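> What follows is a predicted protein model with its sequence.
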Amino acid sequence: MKPDIHPDYHYVVFQDSSVDFKFLTKSTMKSEETTVWEDGNTYPVIKLEVTSASHPFYTGKKVFLDTAGRVDKFNKRFAAKKEITK
């Protein structure tokens, strides 16, 4: 690797602001805010709005839509347009 052209790759704590969930990983993101992690070291913290701990798809709180009704509605509209163009 060429020296002085790559960004600083370091440990960062990502924190979900909607639930009390944090995880430690490496990133090139920087932050002035810091936090003390479970190992006793201080790391920069990046605040996130959505993570796997709060996203409805991953938490199982996903709302299932009535797809059959939507398909029927689409077919009715499409059939009406198809008759007009004939």
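Arrived safely. Note that the structure is predicted; figures quoted are calculated from it, not measured. Numbering: from 1, shown residues only.
> which secondary element of this protein has the worst mean pLDDT?
Here the helix or strand of the chain ranked lowest by mean pLDDT, DSSP states H and E is helix 56-59, holding a mean of 61.
> got the residue ranges for the strands in this structure?
Assigned by DSSP state E, the strands in the chain fall at 10-16, 21-27, 34-36, 42-48.
> Identify the residues contacting the first one?
Same thing as strand 10-16. Surrounding strand 10-16, the residues in contact under the criterion C-beta atoms under 8 Å, 6 or more residues apart in numbering are 21-29, 31, 35, 37, 41, 43-51, 53-54. Every C-beta, even on glycine, is put in place using the N, C-alpha and C of the backbone.
> Please apply the same query to the second one.
Contacting residues not belonging to strand 21-27 are listed as 9-16, 35, 37, 43, 45-46, 51, 53-54 [C-beta under 8 Å, 6+ apart].
> Can you tell me which of those has the most neighbours?
Each of the contacts of strand 21-27 was scored by neighbour count (other C-beta atoms under 10 Å); the top score is that of V13, with 23 neighbours.
> Enumerate the beta-bridge partners assigned to that residue.
Residues found in beta-bridge contact with V13 (criterion: DSSP bridges) are L24, V45.
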